[in-house]
Every structure is written in structure tokens, then in C-alpha cells.
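Participant: just a sequence and a predicted model for now, questions to come.
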Amino acid sequence: MAQVAASEAGIPRLHTVHNSVYLDPALFAAEQVRIFGRVWNLVCHECEIPQPGAYVARTVAGEPMIVTRDPDGRLHAFYNTCRHRGSLIATEERGQCKAFLCPYHNWNYALDGRLVGVPGIESFDGLGFRKEDYGLVEARVDTVYGLIFVCQSDDAPPLAEFIGAEMISWLHQPLAQGEFELILHRRIEVRANWKMNAENARDGYHVPNLHPSLKKMSAPRPYHILGVHALQELDLFEETVDPGIWLGMQECPLPGLGPKDGYVAVLFPDSFVITRSNFVEIETQTQLGPELSIVEDRVLGRKGDPDSVKQIRLRSWEIWVGDIVALQDIPQLELQQRGVQSRHVPVSLIARQGASPDGPRLGQANRGDDERLRQFWQHWRELMGLPQNASWTAELP
Ligand code: FES
Ligand SMILES: [Fe+2]
């Protein structure tokens, strides 16, 4: 019987993953604090909250948060927790309001977070209660070319440092060019651990097998390891693309992009920005539990596009990303989640090497080795304070 500890099979330990990392509730709880609580998390794009009072409510690092814009146009990231008795304040995932009204006892917060209304405030007389001490609690918020990130840690470096100059220069095309508009928002419940999706975006090995249409339409191009993030360049075989789709890609490219241009920017820990010539897709995850995540896809076009152009962009997105993610990647992640339930097969491999013996490997004909997966796990270990890609709770320092 093959009772295989990976090290016994000759694979270096750091080229393996202990499958309990996808299952263990204690480890999941630690990740919320040690990873998501410490880094900049991509929440949405500025065009989703274009005017004062527009908001997006998301769970970040296990905590309910609101990202909104005040009357001066400034962005805020508030904890979505009433200072009175802790109720959620914004109860919808997105919306538009003049102020944040708590549904429980109707405390009223201005869009800049100040507590401005307390029904029956005289009952606090003599207790030293001051409204100015009970505004919404705020986290850090910053943007890169319209991408809105929040950070719950005061110790984290500035956002620009976390994303890094080279990744920012990639995102410049097309996100720094002109104004964007949300043309589609999709939310999918995924019965898989968030790391499986993060790894999948770094895994070139599955592409020819799981995505035969991409194998046909898109040539392998170099990938780049950019600090804790990674970027996959995409190519395109025009003769294999549906003529209508190809025409659309040439007719309404986003500024700064040629018809064949495209990339997948993989942002640590769990978000992606994917471009093709005529759309941008932003994918974020919310981790609801060790075996349940929400994947949100947003498709952006140019502000003011006529409906006909929006349709062209959406059709292109469906072919290149939308259907691929929903019909191929996500079902596969759910199969992986079911498979790792086995206690008798405790370890999986991230051991593939590229042809190049050292350094970041560029331009692999096999669409990449597992270098980006090992890079992901290396940073995961650093933040978790763990020596292995392991989930033995006893090892948590
Ligand atoms: S809990 Fe919000 S007003 Fe009481
Ligand atoms: Fe995929």
C-alpha cells in the first residue's frame, strides 16, 4: 500500500501541500487574522461607487465592512458595525444612501462616519457620552488606478509598496486610461477553500486540459513573479477566434491595449485582474469558511459605451473568462475540495519545475511550472508563521 509522506517519496517538503490546509477550521480562523487582516485586500473598483453615498458592503478578513464615498468625494472604509449594540448598519451588498442608519435603534451616521443622530440622546446625560467619540470605526483605504483596496492593519506598508512598481505599471494599461463603467457583476458561491482558486490562477498546467478553447486561441506567453504577486501575459491566435469575437476585439479595444493584448494579474492573497483588448475583469473572493467562498466577477467597459458596445465587451468576456471560470475552473475547484477530504491521501504536490534551472522561469512552452504556487505558499508561510505548507494546528505558533 502506498502510504506516502511526500518527503519519503523524494519530493522536497516545500514542494508539497498538506491537504488539511483546505479543511482545518482553526487554520482558517488564523488566516483571517494573520493574512487577510494584515494585507491590502482588493474590494471593488471606483466605478462601483461613483458618487457620494454609493457603497459596497463586503466581508474582509472575516469582518463586515463598508466602502463608500463622502460628500467631498473621499473614499472611506468603515467597519459595518454599529457603535451602539453592534448591529450591521448597511444590510445590502451594495446601494446608495444619504446617511447610514442603523436598523436596530436608528443611530444615524454621516457618510464621513460621524455619528450625527441618536434618538433619545438625553438618556445618556451625565454619563460623559459624546457623539464625536462614537463615529464609525475606520480602516485604511487606498486605490491603484481605480482599484479600491482596504487594509485593517496600521503596520502594513503603503498600498503602492504592497502592489509594487512593476505590477502597477502593468495595471496602467488600461486602468489608468479614461473612465470605466461596471457592465456586469456576478456572484458565485463556490464550495471550495479560497486558496484553491488563488492557486488555480497561478497554475498553467491545467490550462490545455481543462480549457481546450484557450489552448486553441491563446499561446503560452511569459509569466512574471512580481514580489508576492504574479502576472501571466496572454497571446492570441486570431485565426482560431470566432470571427465575430475577433472583430469586436479590434473594434472597441480599451485605451492602451492592442487587439491581441491581455494579461492575468494575480494579486496576493486571492484576487485577480484580467484584461483582454476590449474588457477588464476584476475577480475578488470572500472567504466564508474553510470550504466555502464567494467569487465575485466584475466586468468593466468604458464609461458611456452604447449598449451595442457593452454587448460586444460582454460577449468577449464570456468567451475568454466568464464561461471558463464558471463552467470549468469553479467546478474543478469543487472536485478538488471533495478529493482532499481523504485522510489517507494527506499530501499534494506543487513540485513541477520549468526547463530553466534557476530564477523566475519565463516563457515556458508548457505554460509554466509550479514556481508561482511555491511563491504563494512561501508568502503564506511567512504571514502565518509556519515552517511548512501545513495545517497541523499544533504547529501554529
Ligand atoms: S445597535 Fe445600532 S442603533 Fe442600536
Ligand atoms: Fe483555469
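Facilitator: Perfect, thanks for sending it. Ligands and ions are numbered 1, 2, ... in the order given.
Participant: spatially central residue in this protein, please.
Facilitator: Nearest to the mean C-alpha position of the chain, by C-alpha atoms, centre = their mean, lies S271 at 2.0 Å.
Participant: bridging residues for L226?
Facilitator: With DSSP bridges as the criterion, L226 is bridged to H229.
Participant: so who does it touch?
Facilitator: Going by C-beta atoms under 8 Å, 6 or more residues apart in numbering, L226 touches G164, E166, M167, W170. Quick note: C-beta positions are derived from backbone N, CA and C, even for glycine.
Participant: pLDDT score for the residue of the stretch 151-300 of the chain found nearest ligand 1?
Facilitator: Per C-beta to the nearest ligand atom, Q152 is where the stretch 151-300 of the chain lies closest to ligand 1, at 21.4 Å. Per-residue pLDDT puts Q152 at 98.
Participant: quick revisit: is it true that the residue nearest to the centre of the chain touches I282?
Facilitator: Yes - using C-beta atoms under 8 Å, S271 makes contact with I282 at a distance of 7.5 Å.
Participant: now for those two: what residues contact both?
Facilitator: Common neighbours of S271 and I282 (C-beta under 8 Å, 6+ apart) are L42.
Participant: returning to what we had before: neighbour-wise, which one of the contacts of L226 leads?
Facilitator: M167 (23 neighbours; other C-beta atoms under 10 Å).
Participant: ok so, going back, test my guess that the residue of the stretch 151-300 of the chain closest to ligand 1 contacts E138.
Facilitator: No - with contact defined as C-beta under 8 Å, Q152 and E138 do not form a contacting pair (10.4 Å).
Participant: okay, the two: which has more neighbours?
Facilitator: Q152 (21 against 14).
Participant: who's in contact with the more buried one?
Facilitator: Counting by C-beta under 8 Å, 6+ apart, Q152 has contacts F36, G37, R38, V60, A61, E63, A139, R140.
Participant: Serialize those to TSV and add fields for neighbour count and pLDDT.
Facilitator: What follows is these, written out as TSV (neighbours: other C-beta atoms under 10 Å; pLDDT from 0 to 100):
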residue	neighbour count	pLDDT
F36	23	98
G37	19	98
R38	16	98
V60	25	98
A61	21	98
E63	15	98
A139	19	98
R140	15	98
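Participant: next, the buried residues of stretch 292-304.
Facilitator: S293, I294, V295, E296, D297, R298, V299, L300, G301, R302 (16 or more other C-beta atoms under 10 Å).
Participant: what does the stretch 1-150 of the chain have sitting close to ligand 1?
Facilitator: With C-beta under 6 Å from any ligand atom as the criterion, the stretch 1-150 of the chain meets ligand 1 at residues C82, H84, R85, S87, C102, Y104, H105, N106, W107.
Participant: are any of these buried, and which?
Facilitator: Using 16+ other C-beta under 10 Å, the buried members of those are C82, C102, W107.
Participant: show me where this structure has its helices.
Facilitator: 25-31, 159-163, 165-175, 194-200, 207-210, 212-217, 243-251, 307-317, 323, 330-339, 371-384 (DSSP state H).
Participant: picking up where we left off before, chain neighbours aside, what residue packs nearest to the residue nearest to the centre of the chain?
Facilitator: Leaving aside its chain neighbours, S271 sits nearest to L42 (4.0 Å; criterion: C-beta to C-beta, 6 or more residues apart in numbering).
Participant: residue contacts, that neighbour?
Facilitator: L147, I148, F149, L267, S271, I282, T284.
Participant: and the furthest pair within those?
Facilitator: I148 and L267 (12.6 Å; C-beta to C-beta).
Participant: so which of the two has more stuff around it?
Facilitator: Legend: neighbour count by other C-beta under 10 Å for I148 and L267, higher for L267 (29 against 25).
Participant: so what's the more buried one up against?
Facilitator: For L267, counting by C-beta under 8 Å, 6+ apart, the contacting residues are L42, I163, M167, H229, V273.
Participant: and what of K260?
Facilitator: Here K260 is in contact with D235, L236, E238, S277 (criterion: C-beta under 8 Å, 6+ apart).
Participant: at 10 Å what do you get?
Facilitator: Neighbour list for K260: 218-219, 234-238, 241, 246, 249-250, 253, 276-277 [criterion: C-beta atoms under 10 Å, 6 or more residues apart in numbering].
Participant: can I get those in a markdown table with distance to ligand 1?
Facilitator: As requested, the contacts of K260 are exported to a markdown table (distance: C-beta to the nearest ligand atom, whole Å):
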| residue | distance to ligand 1 |
| --- | --- |
| S218 | 51 |
| A219 | 56 |
| L234 | 48 |
| D235 | 53 |
| L236 | 52 |
| F237 | 57 |
| E238 | 57 |
| V241 | 53 |
| W246 | 54 |
| M249 | 50 |
| Q250 | 54 |
| P253 | 48 |
| R276 | 45 |
| S277 | 48 |
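Participant: of all pairs in those residues, which one is the farthest apart?
Facilitator: Of all pairs in these, the most separated under C-beta to C-beta is A219 and P253 at 18.8 Å.
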